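Chemist: Give me a 3D structure for the following:
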Amino acid sequence: MNKDIQGRDIIASDVQHLQAVLNCHIHDEATLTRVLQSLKQLADVKFALDESSIVAITDAKGKIQYVNDKFCEISKYDRTELIGKDHRIINSGYHDKLFFATLWNTISSGKVWRGEIKNKAKDGVCYWVSTTIVPFLNEDGSPYQYLAIRSEVTKQKQAEQDLKEMMVKVIEIQEEERRRISRELHDGIGQSLFSLLIRLDRLIGEHEQMPELGLLRSDVSGMMEDIRSLAWELRPSVLDDLGVVPAIRTYVDNYSQHFGIRINLDCKLNSRLGLYKETAIYRVVQEALTNIAKYAEVAEAEVWLKEEDTEVIAVVKDRGRGFQIEQSDGGVGLFSMEERARSVAGRLELVSRPGEGTEVKLVIPKEA
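Modeler: The predicted structure is shown next:
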């Protein structure tokens, strides 16, 4: 028999049984009709929910009281193996204790919790579910049971992971190309222009009566400065040679001269972090300072970098215009900083309020 038809037949049988019971206790036909209509609607809702979602009901202590067929199907557990257990039976170990403590505190206080959870089936295969947990409350407001409605999002999460990995590779390729072009500009075109400058100096010494040579020398010197600035913007060689702290110091000096914004710099880093992590820090600081110059309308800002036991923290802060984060799409700059953070297993935190300024914080684990 078709599974859908079979499921409906079971529900119909339950409704008929209830109708027989109600016929014995409710003698008013109109009332009986309304009750039966409500039961039919509830039965239809239950059927639709069971067909579309992974459903579980637990008691106040988190013990499983009911699971539907989809729960058994995705978890690979028989219903008898699940009833009476708690959800630790499908715990994948992916989430930390704080994650579940926050979840439990939310639902035990009578609030709905929504989020994504990585579970593990009986055969060891992990899967992701988008979850909504709804507490059912007593008259005193305390939960007496919880209804968890889930939908599988494993393929979506895998696609997100693939996208993240692709973005990391794009960032790596971009930085490699920046480094290559920067070196070619500095060592190739830059050195050629420097040789040309020396030859012009010799010609000027030999032909002092030709002022055009002096103008030509000035043009070549200006081109050299432009090439040097372009090479620096693409990829400062000091970042590769000496590390992120000297690179940030040099960038901040040039930034203050160019924009007239004083930067209070405090960088405390005791060791090199590796090429990708230092690049991520440098680019986030660079992007954050660029945004300050464009939007903050301030005369000074702060940049500090500190090393803790397990992580490195970089902060760029201003006390300028600020903005309402909820009403902003973030733009390309924020997206770029977030991707930089993800590429080194870090996280980016943004705090801003209108009239109170903006703080960008990058947290990178020292071991990842």
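Chemist: rest of the way, CA atoms for contacts and neighbours
Modeler: OK.
Chemist: Quick check: which ranges of this protein have low pLDDT?
Modeler: In the predicted model of the chain, residues 1-36, 38-40, 42-47, 327-332, 368 satisfy pLDDT under 70.
Chemist: Distance from stretch 283-303 to the middle of the chain?
Modeler: With CA atoms, centre = their mean, to the nearest Å as the basis, stretch 283-303 stands 22 Å off its chain's centre.
Chemist: Pull out the buried positions in it.
Modeler: 283-289, 292-293, 296, 298-303 (16 or more other CA atoms under 10 Å).
Chemist: Then stretch 255-271?
Modeler: So, applying 16+ other CA under 10 Å, buried residues of stretch 255-271: 255, 261-263, 267.
Chemist: out of these, which one sits closest to Asp187?
Modeler: When the buried residues of stretch 255-271 are ranked by distance to Asp187 (CA to CA), Tyr255 comes first, at 24.1 Å.
Chemist: Let me see the contact set for that closest one.
Modeler: By CA atoms under 8 Å, 6 or more residues apart in numbering, Tyr255 lies in contact with Ile261.
Chemist: For it, identify the helix or strand it belongs to.
Modeler: If you go by DSSP states H and E, Tyr255 is part of helix 244-259.
Chemist: circling back to that earlier point, just the closest of the buried residues of stretch 283-303 to Leu103, please.
Modeler: Looking across the buried residues of stretch 283-303 and measuring by CA to CA, the closest to Leu103 is Val284, at 32.0 Å.
Chemist: quick one: furthest residue from the center of the chain?
Modeler: Gln209 (65.5 Å; CA atoms, centre = their mean).
Chemist: Doesn't it belong to a helix?
Modeler: No. Membership of Gln209 in a helix is not supported by DSSP: H, G, I helix; E, B strand; the rest coil, which gives coil.
Chemist: Distance of it relative to Leu203?
Modeler: 11 Å (CA to CA, to the nearest Å).
Chemist: For Arg347, list each beta-bridge partner.
Modeler: Following DSSP bridges, Arg347 is listed with bridge partners Val363.
Chemist: Same question for the top helix by length along the chain: list its buried residues.
Modeler: For the chain, the helix with the greatest residue count under DSSP state H is helix 154-183. If you call a residue buried by 16+ other CA under 10 Å, then helix 154-183 has these buried ones: 157, 167-168, 171-172, 175, 178-179, 181-183.
Chemist: okay, those in a markdown table with distance to Thr250 next?
Modeler: Formatted as a markdown table, the buried residues of helix 154-183 follow (distance: CA to CA, whole Å):
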| residue | distance to Thr250 |
| --- | --- |
| Lys157 | 41 |
| Met167 | 28 |
| Val168 | 26 |
| Ile171 | 23 |
| Glu172 | 23 |
| Glu175 | 19 |
| Arg178 | 18 |
| Arg179 | 17 |
| Ile181 | 20 |
| Ser182 | 17 |
| Arg183 | 18 |
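Chemist: Chain neighbours aside, what residue packs nearest to Ile90?
Modeler: Counting by CA to CA, 6 or more residues apart in numbering, Ile90 lies nearest to Lys120, which is 5.0 Å off, once chain neighbours are set aside.
Chemist: The one you found pairs with what?
Modeler: Cys126.
Chemist: any idea how far it is from Asp69?
Modeler: When Lys120 is compared with Asp69 (using CA to CA), they lie 17 Å apart.
Chemist: the more surrounded of those two?
Modeler: Lys120 (21 against 16; other CA atoms under 10 Å).
Chemist: my guess is that one contacts Asn91, does it?
Modeler: Yes. Here Lys120 reaches Asn91: they are 5.9 Å apart, a contact under CA atoms under 8 Å.
Chemist: joint contacts of those two?
Modeler: Joint contacts of Lys120 and Asn91 (CA under 8 Å, 6+ apart) do not exist.
Chemist: gap between the closest residue to Ser75 other than its chain neighbours and Gly115?
Modeler: Nearest non-adjacent residue to Ser75, counting by CA to CA, 6+ apart: Ala121, 4.3 Å away. Distance, Ala121 to Gly115, by CA to CA: 19 Å.
Chemist: So these two - more neighbours on which side?
Modeler: Ala121 (18 against 11).
Chemist: what sits against that one?
Modeler: Ala121 neighbours (CA under 8 Å, 6+ apart): 74-77, 90, 127.
Chemist: quick one: which of the residues you listed is most hemmed in?
Modeler: Ser75 (23 neighbours).
Chemist: hey, where'd the helices end up in this structure?
Modeler: 3-25, 29-52, 69-75, 79-82, 97-108, 154-183, 190-206, 211-234, 237-241, 244-259, 275-291, 331-343.
Chemist: how about those helices, which one is nearest Asp318?
Modeler: helix 275-291 (9.3 Å).
Chemist: tell me the angle the closest one makes with helix 331-343.
Modeler: Helix 275-291 and helix 331-343 are oriented at 160 degrees to each other (axes from the mean of the first three to the mean of the last three CA atoms, to 10 degrees).
Chemist: how big is the angle separating helix 275-291 from helix 211-234?
Modeler: 110 degrees.
Chemist: would you put the C-alpha positions of helix 275-291 in PDB?
Modeler: Only the C-alpha atoms of helix 275-291 are listed here, as PDB (Å, rounded to 0.1, in the frame of the first residue of the first chain):
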ATOM      1  CA  LEU A 275      51.800  34.000   5.700                       C
ATOM      2  CA  TYR A 276      48.000  33.600   5.300                       C
ATOM      3  CA  LYS A 277      47.100  34.800   8.800                       C
ATOM      4  CA  GLU A 278      49.300  37.900   8.600                       C
ATOM      5  CA  THR A 279      47.900  38.700   5.200                       C
ATOM      6  CA  ALA A 280      44.300  38.400   6.600                       C
ATOM      7  CA  ILE A 281      45.200  40.800   9.500                       C
ATOM      8  CA  TYR A 282      46.800  43.300   7.200                       C
ATOM      9  CA  ARG A 283      44.000  43.300   4.700                       C
ATOM     10  CA  VAL A 284      41.300  43.700   7.300                       C
ATOM     11  CA  VAL A 285      43.100  46.600   9.000                       C
ATOM     12  CA  GLN A 286      43.600  48.100   5.600                       C
ATOM     13  CA  GLU A 287      39.900  47.800   4.600                       C
ATOM     14  CA  ALA A 288      38.700  49.100   8.000                       C
ATOM     15  CA  LEU A 289      41.000  52.200   7.800                       C
ATOM     16  CA  THR A 290      39.800  52.800   4.200                       C
ATOM     17  CA  ASN A 291      36.200  52.800   5.400                       C
END
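Chemist: Since that was my last question, I'll sign off now.
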